[in-house]
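Participant: no sequence for this one, just the structure:
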């Protein structure tokens, strides 16, 4: 399983004759495009889409040294003319291209860095690169981005007032670096980690250090996939899990290729049971995870081929080999960017790391590696992409798309929208919205709003605050476009249109892809709205995004003087059909406030959000009473949003009273009171 195969696949893509004339055109025009005579572009890959357009991804170099993140995407129409380029290159580099330390010096510096925790499995590499460093600044005025106002890790979190359109990136400096990459082997844990260091080639400073984590027919018994068939290959007196059509192999790491676990005597694999452990597992029990891995990789491969017309992750039959039983009792799975292969640990129960969407997730990282290339600060978007690929793989199997070689992914109901090997929920994750410092967080955590945007594009969003899919940015709900159409937009965007590797760049590429595929359509409008729902970009003008506010009217400090709020506003044009009536009120002060609301039927949801102001965020409690003064709902005290959700057993006209109680609040304290009432 040749570790150089990944680089060979990239070299083939860079010599595709479809893209070489485009590369030459861009190099001839580079001065007009704002680059210098020392800048050049090299072909990375090119693809002809279903509409006949060519999309060429070009890598910027300066004095022959690649610029990390410096990529230009050229779009050639069917008639040979160019659409506007997506220019993600770095203009005006002025740093000296001459290093003052050697590659060997850089490797020695990396070895002394605290992040280097284990010995190298093989000698590391060191190559020169340009590393741009950006600063986040306010788009208007260029001032510093203020801290996030509201806790984004709480249920029904308040959207931060700074949206993605309010923040821009300013180029601070471009470093010439030695990019050191090597695999470290922790012998005690029997684990490998691929780590990269950026060492300044002028002064030896370590600028960053991070992990790069990321035909014969046989039959078998997997834990998740019992009684399945898959392609194997005869090899003398035994059979191997090697798919000659799809060009990949599956093995168990703990045994050599010629031992019985990996070279089976009767082509009947696995026993369908969870892994029993290194010391007691039978040959067949070792093979069970192999069955799930090999079969899951086959489903993923056929999804790419039958739905998207891609033959493997690079569209050129690249072999992403699958290794099971990685390490010892490892509860994780990995894509290895140096070898281009994937490996899976035993998990917490001997099986959870080989569920179908976990296979699709790790193999999604392989597609990212050969196409969009998210890494570094964009690792969160890599994780989001992989979660989406995992759901597609699951849907393709559950919908019988795999069994029928279907050309559609499946439907929104074919998946549970949870990453089953990690438990990450996608519809209602812990972090629902973009905020300015989100990419500073761990990649899986920072990925969640991006993944949520895809769920909203596919399945829509509820107008009810009580629903997990609700977004404060789209209070009247969203209509989705279905899983297959959403997948087409997502795949096309990441293959052809995304140039800037941040949340705003993904949104821009998704909108371009939707317009390219569907024109001025419901799909285009839904794409804009799905990203607006996570606080990234503007909504389509046709979408209602506000609830008319009601002002607090004093005195309202008791039940007898409670301010009457009526039955709520009817849903406006553009709201989803199930939208409730809504009330939106801004109040404040450091004395209790009472409100009276009329219900026409049976469901009422009340949400109280303390608003950030002078002195921080105040503390309130939310209390709800029936017409007899009996308390029927309580939430708080808290500085975070508080929700009371009530559903009466029968429909009928009735009144409730709401008390907003300040617990620790100055006279200037403010709150937002939101109420949903069914029609």
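Facilitator: Received, thanks. These numbers were taken from a predicted model, which means no experiment stands behind them. Residues are numbered from 1 along each chain as shown.

Participant: Buried residues in stretch 16-34, which are they?
Facilitator: 16, 19, 22, 23, 26, 27, 30 (16 or more other C-beta atoms under 10 Å). In short, each C-beta sits where N, CA and C put it, glycine included.

Participant: cool, and stretch 522-536?
Facilitator: So stretch 522-536, judged by 16+ other C-beta under 10 Å, has buried residues 523-536.

Participant: Of these, which belong to helices?
Facilitator: Applying DSSP state H to the buried residues of stretch 522-536, the entries found in helices are 523, 524, 525, 526, 527, 528, 529, 530, 531, 532.

Participant: want to try TSV for the buried residues of stretch 16-34, with secondary structure, pLDDT and distance to residue 258 as columns?
Facilitator: Shown next, in TSV, are those (DSSP: H, G, I helix; E, B strand; the rest coil; pLDDT from 0 to 100; distance: C-beta to C-beta, whole Å):
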residue	secondary structure	pLDDT	distance to residue 258
16	coil	95	37
19	coil	96	42
22	helix	97	47
23	helix	97	45
26	helix	97	50
27	helix	98	50
30	coil	96	53
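
Participant: JSON lines please, covering these and showing distance to residue 665.
Facilitator: Formatted as JSON lines, the buried residues of stretch 16-34 follow (distance: C-beta to C-beta, whole Å):
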{"residue": "16", "distance to residue 665": "64"}
{"residue": "19", "distance to residue 665": "62"}
{"residue": "22", "distance to residue 665": "62"}
{"residue": "23", "distance to residue 665": "63"}
{"residue": "26", "distance to residue 665": "59"}
{"residue": "27", "distance to residue 665": "63"}
{"residue": "30", "distance to residue 665": "59"}
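
Participant: Now for the buried residues of stretch 522-536: which two are most distant?
Facilitator: Spanning the widest gap among the buried residues of stretch 522-536 are 523 and 535, at 21.4 Å by C-beta to C-beta.

Participant: secondary structure element for the most centrally placed residue in the chain?
Facilitator: With distances taken as C-alpha atoms, centre = their mean, the residue of the chain nearest its centroid is residue 384 (1.4 Å). Taking DSSP states H and E as the criterion, residue 384 maps to helix 379-398.

Participant: Equivalent analysis for residue 194, please.
Facilitator: Secondary structure from DSSP H and E places residue 194 in strand 191-200.

Participant: so where's the stretch 101-250 of the chain uncertain?
Facilitator: Counting by pLDDT under 70, the stretch 101-250 of the chain contains low-confidence ranges at 189-192, 213-219.

Participant: which stretches of it form helices?
Facilitator: Using DSSP state H, counting those that start in this stretch, the helices found in the stretch 101-250 of the chain span residues 103-112.

Participant: I'd like to know which helix or strand in the protein has the lowest mean pLDDT.
Facilitator: When the helices and strands of the chain are scored by mean pLDDT, DSSP states H and E, strand 216-220 comes last with a mean of 60.

Participant: Just give me the neighbour total for residue 649.
Facilitator: Close neighbours of residue 649, defined as other C-beta atoms under 10 Å, add up to 6.

Participant: let me redo that: residue 409
Facilitator: When counting by other C-beta under 10 Å, one arrives at 29 neighbours for residue 409.

Participant: Tell me the pLDDT of it.
Facilitator: We have a pLDDT of 97 for residue 409.

Participant: now swap in residue 308 and tell me
Facilitator: 95.

Participant: That one against residue 494, yeah?
Facilitator: No - with contact defined as C-beta atoms under 8 Å, residue 308 does not count as touching residue 494 (10.8 Å).

Participant: The two: which is more packed in?
Facilitator: Using other C-beta under 10 Å as the criterion, residue 308 and residue 494 rank with residue 494 on top: 23 against 19.

Participant: That one looks like it's in a strand, true?
Facilitator: No - under DSSP: H, G, I helix; E, B strand; the rest coil, residue 494 sits outside any strand and is assigned helix.

Participant: Please report the distance of it from residue 671.
Facilitator: Separation of residue 494 from residue 671 (C-beta to C-beta, to the nearest Å) stands at 41 Å.

Participant: Residue 614 now?
Facilitator: 14 Å.

Participant: more crowded one of those two?
Facilitator: Between residue 614 and residue 671, counting by other C-beta under 10 Å, residue 671 is the more crowded of the two (23 against 8).

Participant: Assign residue 304 to helix, strand or coil.
Facilitator: At residue 304 the chain is in helix, as set by three-state DSSP.

Participant: what's the closest non-adjacent residue to residue 129?
Facilitator: Using C-beta to C-beta, 6 or more residues apart in numbering and skipping the chain neighbours, the partner closest in space to residue 129 is residue 179 (4.6 Å).

Participant: An error on my part: the question was meant for residue 134.
Facilitator: Using C-beta to C-beta, 6+ apart, the nearest residue to residue 134 is residue 169, at 4.2 Å.

Participant: Isn't that neighbour up against residue 133?
Facilitator: No - here residue 169 lies out of contact with residue 133, judged by C-beta under 8 Å, at a distance of 10.1 Å.

Participant: and those two? which has more neighbours close in?
Facilitator: More neighbours surround residue 169 than the other of residue 169 and residue 133, with 15 against 12 (other C-beta under 10 Å).

Participant: Would you mind stating the distance between the more buried one and residue 177?
Facilitator: Between residue 169 and residue 177 the computed distance is 19 Å (C-beta to C-beta).

Participant: show me what contacts residue 531?
Facilitator: With contact set as C-beta atoms under 8 Å, 6 or more residues apart in numbering, residue 531 has these partners: 453, 506, 507, 510, 511, 537.

Participant: a helix runs through the second one, doesn't it?
Facilitator: What it means is residue 506. Yes - looking at residue 506 with three-state DSSP, it is inside a helix.

Participant: if I look at it, how far off is residue 546?
Facilitator: Distance check for residue 506 against residue 546: by C-beta to C-beta, it reads 25 Å.

Participant: and the two? which has more neighbours close in?
Facilitator: Taking neighbours as other C-beta under 10 Å, residue 506 and residue 546 compare with residue 506 leading, 29 against 9.

Participant: Show the pLDDT at that one.
Facilitator: In this prediction, residue 506 carries a pLDDT score of 96.

Participant: How much space separates it from residue 388?
Facilitator: Separation of residue 506 from residue 388 (C-beta to C-beta) stands at 11 Å.

Participant: try residue 394
Facilitator: As judged by C-beta to C-beta, residue 394 and residue 388 stand 11 Å apart.

Participant: Neighbour count: these two, which is higher?
Facilitator: Neighbours per residue (other C-beta under 10 Å) separate residue 394 from residue 388, with residue 394 holding more: 29 against 26.

Participant: Would you confirm that the more buried one contacts residue 360?
Facilitator: Yes - at 6.5 Å, residue 394 counts as touching residue 360 under the criterion of C-beta under 8 Å.

Participant: List the contacts of residue 494.
Facilitator: The contact partners of residue 494, by C-beta under 8 Å, 6+ apart, come to 368, 371, 372, 385, 509.

Participant: Relative to residue 138, which of those residues is nearest.
Facilitator: Residue 138 has its nearest neighbour among these in residue 509, at 23.4 Å by C-beta to C-beta.

Participant: nearest residue to the closest one other than its sequence neighbours?
Facilitator: residue 498 is the one closest to residue 509 (C-beta to C-beta, 6+ apart), at 3.3 Å.

Participant: State the distance from that neighbour to residue 88.
Facilitator: According to C-beta to C-beta, residue 498 stands 9 Å off from residue 88.

Participant: Neighbour count for the two, which is higher?
Facilitator: Each of residue 498 and residue 88 has its neighbours counted (other C-beta under 10 Å); residue 498 has more, 28 against 19.
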